[in-house]
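K.L.:
I'd like to go over a predicted model; first the sequence, then the structure.
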Amino acid sequence: MFTDVSELKDKKILVVGLAKTGVSLAHFLTKHGAQVTVTDHKSKPELAAQLEQLGDLPIKYELGGHSPKTFIQQDLVILSPGIPPHLKIFEYARSQGTKITGELEFASQFVKEPVVAITGTNGKTTAARLMEAMLKESGVECWVGGSNGTPLTDYLRSEQKAKVVIVEVSSYMLETCETFNPMNIVFMNLAENHLERYRSMEDYVNAKRRIFRNTNQATTSILNADDNAVVELARDPAVQRGRIFYCSRKPALEPQIMNIGGAVTIGKEIRVRTGPEIEYFDISKMKMLGKHSIDNIMAAILAAREYGATHDAIQRTIDTFTGLPHRLEYVRKVGGVLFYNDSKATNVHAVIRALDAFDDNIILIAGGKDANLSFEALRNVVKRKVKSLILVGEAKERINRDLGDFSETFLIGTFEEAVLIAFQKSRIGDVVLLSPGCPSFDMFDNYEERGGYYKEIIRKFK
């Protein structure tokens, strides 16, 4: 599309969606002389905060809806990640010869540094932040962004020159990628998700598969050998074009993994081989909860080692990294009851991982926006570990149908009431866990707001 930012001058470019990504794109494009139009289905009053960030930049606005005429007048249309690329207005624009792309595809053309793309259903942000910590502890400058809410365009605007750019990549971002070609691909796991957007699990997997579209002999892929769906992806000839490292928590796989390269966990030790020698890392002091945290650590080690992270820096990171907010985050202890905030658990796979971090006597608060997911995969673990199931939000009836027979279950009207009921049902030694298994958009703007409100309620308990 473009090889240099100078080519943007006088190009007519339409930015679709005025959230964080749209604002960043508008700033970047106007700086380099493009004729920018921004369109959003929201009205001007609804977008007041975003419009204030754009100030008096020379931008045309089309708010409160989208006009097909505007689309076909552009040299390029750039979609924000949350906007499905197959809406009728986009199909019409394509039929008229308009080029439509996404922010990741567009911005990555101008990134000259090596890119590490981290994808998967869960664990992207934690793996990215672990890798960042390992590199920074080693004195290696890096930048982290992507689906964590920091658009790749922000890196271009910062004019920072990192040694490596770490990008968390969602399926939404990959849908519009054609030439995106990261140096390293980290694929954490693959489970049912986003079925409110995709017609089937197969469509979701195919979107994720696009990350391997442009692999070559210089590409290194880091794959989770314990995830059958990821292993199946690894058989794709596109993946096989480059080098592959595997990581596993299964000691039986050690000979195979050490032979081809990767990481394996045996007891309280991670063994890693990315070159001729095997390295050993102690995880006995790790602060993060859950076996899945070991997966995140292994992936981060393998990626960070590619860019000069030292053994000592990696070990210090393992010993001190406490995890991220809203991801199995310890809140407080009240009357002998432990409260944890796992608001980021927006799918069933994430809830399984959260429940796996505790032994039993769990009071689980679940529910939120109905994303058309099945909760049947939770039945066995709920039956074994969940003392009470507190359901709230749009999806509570669906979850009750799938899980209501396997634990004492309550369907609650408001989020605050759900937390209060959970506390009332708890006894000394219990764990109250917010791990919704659903997006937050029925009641909250995002999972951060949901988790923040949960913590606010708990801080008032005596």
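P.N.:
Right, received. Where do you want to start?
K.L.:
the helix or strand containing Phe28 packs against which elements?
P.N.:
Assigned by DSSP states H and E, Phe28 falls within helix 20-31. Judged by 3 or more CB pairs under 8 Å, 6 or more residues apart in numbering; DSSP states H and E, the packing partners of helix 20-31 are strand 12-16, strand 35-40, helix 48-54, helix 103-108, helix 152-158. In short, each C-beta sits where N, CA and C put it, glycine included.
K.L.:
the shortest one vs helix 20-31, what angle?
P.N.:
Angle between the axes of strand 12-16 and helix 20-31 is 170 degrees (criterion: axes from the mean of the first three to the mean of the last three CA atoms, to 10 degrees).
K.L.:
what's next to strand 12-16, contact-wise?
P.N.:
Defining contact as CB atoms under 8 Å, 6 or more residues apart in numbering, one finds that strand 12-16 is touched by 22, 25-26, 29, 34-40, 66, 70-71, 73-80, 83.
K.L.:
ok, now stretch 270-290?
P.N.:
Contacts to stretch 270-290, defined as CB under 8 Å, 6+ apart, come from residues 126, 245, 254, 257-258, 261-265, 268-269, 293-294, 296-298, 301-302, 305-306, 311, 314-315, 318-323, 328, 340, 353-354, 356-357.
K.L.:
tell me if I'm right that Lys383 and Phe406 touch.
P.N.:
Yes: Lys383 lies in contact with Phe406 (CB atoms under 8 Å); the separation is 4.3 Å.
K.L.:
next one: phi and psi at Arg379?
P.N.:
phi -60, psi -50 (degrees, to the nearest 10).
K.L.:
measure it to Ile363 for me?
P.N.:
Remark: distance between Arg379 and Ile363 (CB to CB, to the nearest Å) = 17 Å.
K.L.:
more neighbours: which of those two?
P.N.:
Ile363 (26 against 14; other CB atoms under 10 Å).
K.L.:
so that one touches Val386, yeah?
P.N.:
Yes: taking CB under 8 Å as the definition, Ile363 is a contact partner of Val386 at 7.5 Å.
K.L.:
just checking, Ser388 is part of a helix?
P.N.:
No: applying DSSP: H, G, I helix; E, B strand; the rest coil, one finds Ser388 to be strand, outside a helix.
K.L.:
which residues does it contact?
P.N.:
Applying CB under 8 Å, 6+ apart to Ser388 gives the contacts 363-364, 407-410, 422, 425.
K.L.:
got a markdown table for those, with secondary structure too?
P.N.:
Below are the contacts of Ser388 laid out as a markdown table (three-state DSSP):
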| residue | secondary structure |
| --- | --- |
| Ile363 | strand |
| Leu364 | strand |
| Ser407 | coil |
| Glu408 | strand |
| Thr409 | strand |
| Phe410 | strand |
| Ala422 | helix |
| Lys425 | helix |
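K.L.:
filter those residues down to the buried ones.
P.N.:
Among the contacts of Ser388, those buried by neighbour count (16 or more other CB atoms under 10 Å) are 363-364, 407, 409-410, 422, 425.
K.L.:
neighbours of Gln256, how many?
P.N.:
There are 13 residues near Gln256, going by other CB under 10 Å.
K.L.:
quick one: it and Leu391, what's the gap?
P.N.:
With CB to CB as the criterion, Gln256 and Leu391 are 43 Å apart.
K.L.:
ok, Glu254 touching Ile266?
P.N.:
Yes: look at Glu254 against Ile266 with CB under 8 Å: they come within range, at 6.6 Å.
K.L.:
so for these two, which residue has more residues nearby?
P.N.:
Higher neighbour count among Glu254 and Ile266: Glu254, with 18 against 14, using other CB under 10 Å.
K.L.:
in the helix or strand harbouring that one, what counts as buried?
P.N.:
Using DSSP H and E, Glu254 sits within helix 254-260. If you call a residue buried by 16+ other CB under 10 Å, then helix 254-260 has these buried ones: 254, 257.
K.L.:
hmm, who's touching that helix?
P.N.:
In contact with helix 254-260 (CB under 8 Å, 6+ apart) are residues 225, 244-248, 263-264, 266, 271, 273, 278.
K.L.:
farthest-apart pair in those, please.
P.N.:
Between any two of the contacts of helix 254-260, the greatest separation by CB to CB is 20.8 Å, found for Ile244 and Ile266.
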